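S.K.: fold the stuff below for me.
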Amino acid sequence: MGNAQSGGIPREILDDLKLTTRFSESEIAQWYENFQKQCPTGRISLQQFEEIYAKFFPESDAKAYAQHVFRSFDTNDDGTLDFKEYVIALHMTSSGKSTLKLEWVFSLFDLDKNGYVTKPEVTELSQAIFNLIPKAKQANLPSDESTPEKRAEKLWAIFNKKDNERVAEGEFIEAVQSNEAALRLIQYDHK
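M.R.: All right, here's what the predicted structure looks like:
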């Protein structure tokens, strides 16, 4: 096998990902090996990303959310992600509330990439996140979080904006960081 430990992954990518994510060297190397098998071109398409994402959420419909995640990382809009973007996408969607993570969540909600989040955008993402929650767990949600609409209303209220106003990135991060309910509403932690 030769140098099996790094699984053929270029050292600079490995070092970079160890710094930017909390994954171990062996995890990253294992993903790289799988990535090379599934994506011999070195790029992953939206459809492949959706399939991989579905495995993380076997009991729910993760398709819409996967599409939003993909869009937020496909910075050059070419319809593919490279290995590094792919691993960072996986890292960002695992739970956490670092500023970096929240900057990414903002870009997830900012559908048209104009630097602001609006109520319709919050509503659309709330629907996608709601779809991640397995049906069995949806029944146990608090009454003010039991539908995508209620979740959107509750989250929007935290920003203290009128329905036709918009939220800038700094405001978004500040509001969410200091609010447990908001942190719960912007993600679904399936652990």
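S.K.: for residue 166, phi and psi?
M.R.: phi -140, psi 160 (degrees, to the nearest 10).
S.K.: kindly report the same for residue 59.
M.R.: The phi and psi values for residue 59, taken as degrees, to the nearest 10, are phi -100, psi 10.
S.K.: use 9 as the first number from now on
M.R.: Sure, I'll start counting at 9 from here, so that last one is residue 67.
S.K.: contacts only, for it.
M.R.: If you count contacts by Cβ atoms under 8 Å, 6 or more residues apart in numbering, residue 67 has them with 142, 143, 144. Where you see a C-beta, it was placed from the backbone N, CA and C, and this is true even at glycine.
S.K.: how about 10 Å then?
M.R.: Under the criterion of Cβ atoms under 10 Å, 6 or more residues apart in numbering, the contact partners of residue 67 comprise 140, 141, 142, 143, 144, 145, 198.
S.K.: same question, residue 36
M.R.: The neighbours of residue 36, taking Cβ under 10 Å, 6+ apart as the test, are 14-15, 17, 21-26, 29, 91-92, 95.
S.K.: same deal with residue 95?
M.R.: With contact taken as Cβ under 10 Å, 6+ apart, residue 95 is in contact with 21, 24, 25, 28, 29, 31, 35, 36, 39, 40, 43, 89.
S.K.: repeat that for residue 94.
M.R.: With the criterion set at Cβ under 10 Å, 6+ apart, residue 94 makes contact with 39, 40, 43, 47, 51, 52, 56, 57, 60, 78, 81, 88.
S.K.: any idea which element it lies in?
M.R.: In this structure, residue 94 sits in helix 91-101 according to DSSP states H and E.
S.K.: right, I'll call it a day here.
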